[in-house]
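> everything below, folded, please.
(one chain, ligands or ions: 1)
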Amino acid sequence: MSQSKSGQRNEYLNRRTFAIISHPDAGKTTITEKILLFGGAIQVAGSVKSRKADRHATSDWMAMEQERGISITSSIMQFPYKGRTMNLLDTPGHADFSEDTYRTLTAVDSALMVIDCAKGVEERTIKLMEVCRLRTTPIYTFINKLDREGKDPIELLDEVEDVLKIRCAPITWPIGMGKRLKGVYHFIDDEVLLYEAGKNYETQQAVVIKGLNSPELDEKLGDVAAELREEIELVQGASHKFDKQAYLNGELSPVFFGSAINNFGVQPLLDSFVEHAPEPQPRATTERVVEPDETKCSGFVFKIQANMDPNHRDRVAFMRICSGVFTQGMKLKNSRTGKDIKIPNALTFLAEHRDHVEHAYPGDIIGIHNHGTISIGDSFSETENLQFTGIPSFAPELFRRARLKDPLKLKALQKGLAQLSEEGATQFFRPLISNELILGAVGVLQFEVVAYRLKREYNVEAIFENVDTRTAYWVDTDDDKKMQQFRNKNEMNLAEDAHGHLVYLAPSMVNLQLAQDRHPDIRFHNTTETLKTRP
Ligand SMILES: Nc1nc2c(ncn2[C@@H]2O[C@H](COP(=O)(O)OP(=O)(O)OP(=O)(O)O)[C@@H](O)[C@H]2O)c(=O)[nH]1
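Got it, this is the predicted structure:
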């Protein structure tokens, strides 16, 4: 079915594709749930948690998430909000799953950062923010858990500005905190939303007082009203005003305060976000910039998940549509392999179920079933050879040698590791001169997940042993002769990754430095992003 160009344009302009980022435990899952609730995507509070529990039933390895109380996989949800189509990409907060999070951030147009008011800016938030800054991703900030005592709000804004190097424009401001929490003041709407502990703001609206100078405010808040007026004047003088262009440039973050668990202060955040967050943006490829309103469909894969449903042992590749209109059954060319693939039965992910997608527009994420033909970073296009940039693999920092309890299971182990590495659960290296299987990860928990999944999904019991590798760098050069010399001299330290890229496994940083000094014509890369050749 063909669509008119203007119809297509309108569809994508309505998309808002974003991720929620935070340090673990700041309240990302809780706020996701409230967003879905407001959007009408779920009816009952608690569904998001039970969504995790359902997955536990269908996909056993998720049980680890429950045992540990952390989210270990990204999930994708599409839902309507105020006439727009929202694509929310959840990201694991735990440091051990940072690669997945980084890649997810390459597929969004903006982000929502959640900060715990008692803890302020935490380590993971700093890292995530660095990634957002690389891509100048616009960011909204929600300072959560106001129902608990936290840091002084001015101090919190200073911290965000100093540590995260972004200007803050408070849009709402807390009136007290913890037991003294009385509500929030909205700078732009000039109104106060009153908070009463114990009230259920999922079913009841907060009382709104129009105007900071309203006598009603004195009635309700007593002496606090006068203090609030003074404080607001002070904050207005000392802080930045909302400036949409600066926000879109990633230089200024609108800040909201609230308590996600009590559903308080979340609605003003969402209403502002849906109004100002950017529509799907142009994307860079090695060839040219792809505009979302181009007629031909294109997209890239940023995530692969195996065995989402144990009854169908397939893998789902998550592709962000960057231009044109995707239609069910369409043929797209994979620029890495040069092959056309027909994509029937593409999936879309709604809050509570997945469905077959008829059409998808720039900003949408579709799921493609495949049996190992698609890798993370693959780019697809209807007509051209396009390679989207910015979907990195990072040099792992931890390494283990996989050893089998039952040596007859070698085939199953190789298959399992190859599939789990395609998914980005771990990286996987085969040394050139031995039959060893070396795993690389950014966080130690990744190994545990891999061991658990190998057992559950591939019926393989593997032991991971320490190995004498400190770091891994991808290597390439334009000079074949120099590469051959390098290979001959360094065979002991060379391996191939799952895609056949050559990797230098260094036992120490000194060794790495020496190899670099001895072979100035060889380029060493700590992310695949800068590699010239993709086999
Ligand atoms: N007091 C209070 N607790 C909250 C609030 N929001 C969330 N919490 C609690 O904080 C804890 C962490 O919340 P989650 O939403 O699971 O945090 P998360 O950021 O998704 O954590 P990860 O799954 O580890 O990434 C839970 O026990 C929540 O009930 C809030 O507004 N006030």
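> where in this structure is pLDDT low?
Under the criterion of pLDDT under 70, the regions of the chain flagged as low confidence span 1-9, 41-74, 92-98, 306-314, 350-354, 391-394, 529-535.
> how about the CA coordinates for the lengthiest helix in it, as CSV?
When every helix of the chain is counted residue by residue (DSSP state H), the longest turns out to be helix 223-238. Coordinates of each C-alpha in helix 223-238 appear next as CSV, following Å, rounded to 0.1, in the frame of the first residue of the first chain:
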residue,chain,number,x,y,z
ASP,A,223,3.4,30.7,56.7
VAL,A,224,4.8,28.4,54.0
ALA,A,225,3.1,30.6,51.3
ALA,A,226,5.2,33.7,52.1
GLU,A,227,8.4,31.6,52.3
LEU,A,228,7.5,30.0,49.0
ARG,A,229,7.0,33.4,47.3
GLU,A,230,10.4,34.6,48.5
GLU,A,231,12.1,31.4,47.4
ILE,A,232,10.5,31.4,44.0
GLU,A,233,11.7,35.0,43.4
LEU,A,234,15.2,34.0,44.4
VAL,A,235,15.2,30.9,42.2
GLN,A,236,13.8,32.9,39.3
GLY,A,237,16.6,35.4,39.6
ALA,A,238,19.3,32.7,39.9
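> in the helix or strand just after it, what's buried?
Past helix 223-238, further along toward the C-terminus, the next helix or strand under DSSP states H and E is helix 244-248. Burial within helix 244-248, assessed by neighbour count using 16 or more other CB atoms under 10 Å, is assigned to 246-248. Using the backbone N, CA and C atoms, a C-beta is placed for each residue, glycine as well.
> and those residues as TSV, adding distance to residue 229?
Formatted as TSV, these follow (distance: CB to CB, whole Å):
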residue	distance to residue 229
246	27
247	27
248	32
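> looking at those, which is nearest residue 148?
Sorting those by distance to residue 148 puts residue 247 at the head of the list, at 28.2 Å, by CB to CB.
> residues in contact with the closest one?
For residue 247, the contacting residues are 138, 169, 253-254, 276, by CB atoms under 8 Å, 6 or more residues apart in numbering.
> same question, residue 266
Listed by CB under 8 Å, 6+ apart, the contact partners of residue 266 are 31, 34-35, 38, 142, 258, 260.
> again, only this time at 10 Å
Contact criterion CB atoms under 10 Å, 6 or more residues apart in numbering gives 30-31, 34-35, 37-38, 142, 144, 201, 256, 258-260 as the residues in contact with residue 266.
> and it, backbone torsions?
When read as degrees, to the nearest 10, the backbone of residue 266 gives phi -80, psi -40.
> show me what the nearest residue in space to residue 374 that is not next to it in sequence is bridged to.
Counting by CB to CB, 6 or more residues apart in numbering, residue 374 lies nearest to residue 317, which is 4.2 Å off, once chain neighbours are set aside. Listed beta-bridge partners, residue 317: residue 304, residue 368 (assigned using DSSP bridges).
> residue 317 and the ligand, how far apart?
Taking CB to the nearest ligand atom, to the nearest Å as the criterion, residue 317 is separated from the ligand by 24 Å.
> how deep is that residue tucked in, by neighbour count?
By the measure other CB atoms under 10 Å, the count of residues near residue 317 is 25.
> returning to that earlier point: summarise which helices and strands the longest helix of the chain is packed against.
Applying 3 or more CB pairs under 10 Å, 6 or more residues apart in numbering; DSSP states H and E, we find helix 223-238 packed against helix 153-164, strand 167-170, strand 172-175, strand 183-186, strand 191-194, helix 215-221.
> check contacts around the residue nearest to residue 374.
Counting by CB under 10 Å, 6+ apart, the residues that residue 317 touches are 300-305, 343, 346, 366-370, 373-376, 378, 380, 422-423.
> the residues you listed in helices, which ones?
When helices are assigned by DSSP H, the members of the contacts of residue 317 inside them are residue 422.
> buried ones only from the contacts of residue 317, please, as a PyMOL command.
This is how PyMOL selects the buried members of the contacts of residue 317, with burial counted by 16+ other CB under 10 Å:
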select buried, resi 300+301+302+303+304+305+343+346+366+367+368+369+370+374+375+376+378+380+422+423
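> what residues does this protein put near the ligand?
Among all residues of the chain, those adjacent to the ligand (criterion: CB under 6 Å from any ligand atom) are 22, 24-30, 70-71, 93, 144-145, 147-148, 259-261.
> ok, now with 5 Å
Proximity of the chain to the ligand (CB under 5 Å from any ligand atom) is limited to residues 22, 24-30, 70-71, 93, 145, 147-148, 259-261.
> in helices only, show me those.
The subset of the residues of the chain next to the ligand that ends up in helices is 28-30, with DSSP H as the criterion.
> make JSON lines from the helices and strands packed on helix 223-238 and add mean neighbour count and distance to residue 359 to it.
Listed next are the helices and strands packed on helix 223-238 as JSON lines, based on neighbours: other CB atoms under 10 Å; distance: least, CB to CB, whole Å:
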{"stretch": "helix 153-164", "mean neighbour count": "18", "distance to residue 359": "38"}
{"stretch": "strand 167-170", "mean neighbour count": "21", "distance to residue 359": "37"}
{"stretch": "strand 172-175", "mean neighbour count": "25", "distance to residue 359": "37"}
{"stretch": "strand 183-186", "mean neighbour count": "25", "distance to residue 359": "38"}
{"stretch": "strand 191-194", "mean neighbour count": "22", "distance to residue 359": "39"}
{"stretch": "helix 215-221", "mean neighbour count": "15", "distance to residue 359": "49"}
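> backbone phi and psi for the residue in the stretch 401-535 of the chain that the ligand sits nearest to, please?
Checking the stretch 401-535 of the chain residue by residue against the ligand with CB to the nearest ligand atom singles out residue 445 as nearest, at 11.9 Å. Backbone torsions of residue 445, given as degrees, to the nearest 10, read phi -60, psi -30.
> swap in residue 19?
The phi and psi values for residue 19, taken as degrees, to the nearest 10, are phi -120, psi 150.
> residue contacts, residue 424?
When contacts are taken as CB under 10 Å, 6+ apart, residue 424 is in contact with 97, 99-100, 102-103, 302-305, 375-377, 393, 446.
> as CSV, these with distance to residue 486 would be great.
Below are the contacts of residue 424 laid out as CSV (distance: CB to CB, whole Å):
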residue, distance to residue 486
97, 33
99, 27
100, 32
102, 29
103, 30
302, 32
303, 33
304, 31
305, 36
375, 25
376, 27
377, 25
393, 21
446, 30
